[in-house]
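Novice: Give me a 3D structure for the following:
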Amino acid sequence: MLPFLGEEVFGNPSSAHAFGRSARAAVEHAREQVAAAVGAEPNQVFFTSGGTEADNLAVLGAVAAAMAKAAHGSVVHIVSSPTEHHAVSSAGREAARRGAFATLLPVDGSGVMDLEVLDQALAGRGPAGRPALVSVMWVNNEVGTLQPVQDIAARCASAAVLFHTDAVQALGKVPVNLGSFPWAAVSLSAHKIGGPKGVGALLVREPSAFAAIIRGGSQQQGLRPGTENVPGIVGFGRAVELAVAEQPAKAAAWAAMRDALQRAIIERVPDAIVHGAAAPRAPNILNVTAPGTDSESVLMHLDLAGIAAASGSACTTGSVEPSHVLLAMGVPAGLAAAGVRFSFGPLSSAEQVPRIADTYARVVAKVRQLRRALSRA
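Specialist: Predicted structure coming up:
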């Protein structure tokens, strides 16, 4: 990225002069890198400011395009799940505010979508008829549950319905081969794979099925206008190559660490509950609840001990509300409010696992003691 952060290659990639052409060549090379890494075509890669913008472009862009084509008086219908990232769920609520009909289909106790209910929605058996878009995330960011996206995409294609998946948490963690199923749009983000923050992409199979949500020039076929973030895009391209090449080995190491931590926590806190363990999960995420605690207190004590964990997505840090993902999975509110997410990454090591488990157990005991003392006060 360094040459593109200084004067060496600082041109505007939309400019026709030599400086601009050098920047344009770097952007197009990164576009090819992203496409090749996931089995897409370069002209299907639209760079964004990150996963949130990519999700918004997919949902609101599909709704806007469908509304423009819809017959007068008809309602545009979109379908999603209650466990989606806020970037999708908030976009769905905005679409509803603009006149669309948004449906959330139920998930089971592991967070997997009910495909029979999806089939009913795709058949138009509901008040809003057949949907224009189905959006289901590939890997859940809080519990790691893998959705059967290939199966969902195939069902959507058979019903002539657009399928979007937020693959931000999938890339670099599980194999991502977009050539194996009929997707319409896929969201990616650089910082989840060790790339720079503030850059991502929406992969779009048919740009005419989506409308721009940012108004500007003709960059990126007009679907995502604006001067490209050249250094970020260059870093994203290289990060994708590395993440995909290293994914098998890193996934195996992360899965071993996750399973070791899960066993160690259960040994030390026998009544701890592991969420989503009954379904296929991404290798790097462990979500656990210790009854009689709350995530805010547990996370505070873990942080003081030098252990970084979370109670949901980073976008909701500071929130004291129970996890919307755990609630949708049928977890009682009291337990959902105590969920803690451990995520493994490139800086994690197997040697850290015993310390994490020991510290978590001590913190749980301390929080429980404090809560009992407060209840007697």
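Novice: ok, and the closest non-adjacent residue to residue 170?
Specialist: Using Cβ to Cβ, 6 or more residues apart in numbering and skipping the chain neighbours, the partner closest in space to residue 170 is residue 138 (3.8 Å). The way it works is simple: take the backbone N, C-alpha and C, and place the C-beta from them, glycine included.
Novice: That neighbour - how many residues pack around it?
Specialist: 24 (other Cβ atoms under 10 Å).
Novice: In contact with it, which residues?
Specialist: 146, 147, 149, 165, 166, 167, 169, 170, 174, 176 (Cβ atoms under 8 Å, 6 or more residues apart in numbering).
Novice: if you set the cut-off to 6 Å instead, what comes out?
Specialist: 149, 165, 167, 170 (Cβ atoms under 6 Å, 6 or more residues apart in numbering).
Novice: Doesn't residue 46 lie inside a strand?
Specialist: Yes: counting by DSSP: H, G, I helix; E, B strand; the rest coil, residue 46 is part of a strand.
Novice: By neighbours, which of the contacts of residue 138 wins?
Specialist: Tallying neighbours with other Cβ under 10 Å puts residue 165 at the head of the contacts of residue 138, with 29 neighbours.
Novice: what's the domain layout of this protein?
Specialist: 2-242, 247-376 (automatic domain parsing).
Novice: Endpoints of the longest one, how far apart?
Specialist: Its first and final residues considered, domain 2-242 spans 18 Å by Cα to Cα, to the nearest Å.
Novice: Check the offset of that domain from the chain's centre.
Specialist: Remark: domain 2-242 is offset 10 Å from the chain centroid, using Cα atoms, centre = their mean, to the nearest Å.
Novice: Report the mean confidence score over that domain.
Specialist: The average pLDDT within domain 2-242 is 96.
Novice: before we move on, what about the last one?
Specialist: This predicted structure assigns domain 247-376 an average pLDDT of 93.
Novice: what does stretch 109-116 rub up against?
Specialist: 81, 83, 105-107, 136, 140, 143, 145, 147, 276, 278-279, 329-330.
Novice: Touching, residue 31 and residue 45? I think so.
Specialist: Yes: using Cβ atoms under 6 Å, residue 31 is in contact with residue 45, at 4.7 Å.
Novice: Give me the buried positions along stretch 360-373.
Specialist: 360, 361, 363, 364, 367, 368 (16 or more other Cβ atoms under 10 Å).
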